[in-house]
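Peer 1: this is a predicted model, with the sequence first.
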Number of protein chains: 2
Amino acid sequence: MGLTKSEEFTIADNRTAELAKAFAHPARVAILRLLAERKACVCGDLVDELPLSQATVSQHLKELKRIGIIKGEIDPPRVCYCINEPVWEEAQVAFGVLFEAIKIQKQGCC
Amino acid sequence: MGLTKSEEFTIADNRTAELAKAFAHPARVAILRLLAERKACVCGDLVDELPLSQATVSQHLKELKRIGIIKGEIDPPRVCYCINEPVWEEAQVAFGVLFEAIKIQKQGCC
DNA sequence: CTAATACATCGCAATATTACGATTAATAGT
DNA sequence: ACTATTAATCGTAATATTGCGATGTATTAG
């Protein structure tokens, strides 16, 4: 049906999935990488670095802002985007929790 | 158009995005968490733990296998799934590279 | 051989995502 | 006020994803 049954899963699993979506498209990986490396910041510069139209880049930025992992400060007529560090760290922790889980027990059926 | 222009991005960014997709749905987060914590392993047990039909769970498992982050060993009549550790570590490294990038330079326009 | 069990796959329906041209909104400079 | 610049949003189209009932496949038990 294309409708994720979010309400059936835990808050934590839903949030982890949402944070992962920020990284689940190569354009968004590229955007986050450029912002994290401080190689670009202004929307127009991101458009120059990416093989996508301005409208499409703007849409990806909107989605990243919705998730909260970036923020945009308007500096007319430009908008300067940057990583929103608290959420960036939230993502790091959320994935870290998963990655650590495998180390807890080494026995099991497989 | 709904068609990601993958060929226009780097191999690395595409792979990071693909690995992120493994975590980009709450059902898959739950599956990976259960497998990593060794709380379940057999497909049927996963179905019992999740609010989804057997067909849907099987489909998520197929996608996770396609990405490579899990593997399934058949143990007739069951199939035992587990984390594929090399790819699990690949994901850890891929995200780690991004998370570290922000620490390189603290100056910048924002 | 037959039935039961466990899982994969098919086919379908519905929603979500990706992409972009065109337009709009806001501001700066003249 | 007029124009240029920058970015957001609208409208539309196409592909992708999610979900499940039904069916198929393989293996085991009897």
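Peer 2: Cool, got the structure. The model shown is predicted, which means the values in this text are computed figures rather than measured ones.

Peer 1: CA only for contacts and neighbour counts going forward, please
Peer 2: Will do.

Peer 1: neighbours around the residue nearest to A:F9 when sequence neighbours are not counted, how many?
Peer 2: In space, and not counting its chain neighbours, A:F9 is closest to B:P26: 6.5 Å by CA to CA, 6 or more residues apart in numbering or on different chains. By the criterion of other CA atoms under 10 Å in any protein chain shown, B:P26 has 26 neighbours.

Peer 1: for B:P26, what are its contacts?
Peer 2: By CA atoms under 8 Å, 6 or more residues apart in numbering or on different chains, the contact list for B:P26 reads A:6, A:9, A:13-14, A:16-17.

Peer 1: quick one: A:H60 from A:I70, how far?
Peer 2: 11 Å (CA to CA, to the nearest Å).

Peer 1: so for these two, which residue has more residues nearby?
Peer 2: More crowded of A:H60 and A:I70, by other CA under 10 Å: A:I70, with 24 against 16.

Peer 1: and the more buried one, bridged to which residues?
Peer 2: Beta bridges link A:I70 to A:I83 when assigned by DSSP bridges.

Peer 1: now check the worst-scoring helix or strand of chain A on mean pLDDT, is it near DNA strand C?
Peer 2: When each helix and strand of chain A is scored by mean pLDDT, DSSP states H and E, strand A:70-75 comes last, with a mean of 90. No. Strand A:70-75 is not in contact with DNA strand C by CA under 7 Å from any atom of the strand; minimum separation 7.5 Å.

Peer 1: tabulate the CA atom coordinates of that strand in PDB.
Peer 2: Extracted C-alpha coordinates of strand A:70-75, given in PDB (Å, rounded to 0.1, in the frame of the first residue of the first chain):
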ATOM      1  CA  ILE A  70      20.300  20.900   9.000                       C
ATOM      2  CA  LYS A  71      19.300  24.400   9.600                       C
ATOM      3  CA  GLY A  72      19.100  27.400   7.300                       C
ATOM      4  CA  GLU A  73      19.800  31.000   8.200                       C
ATOM      5  CA  ILE A  74      18.700  33.600   5.800                       C
ATOM      6  CA  ASP A  75      21.300  36.100   4.800                       C
END
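
Peer 1: please enumerate the strands of chain A.
Peer 2: Counting by DSSP state E, chain A has strands at residues A:70-75, A:78-83.
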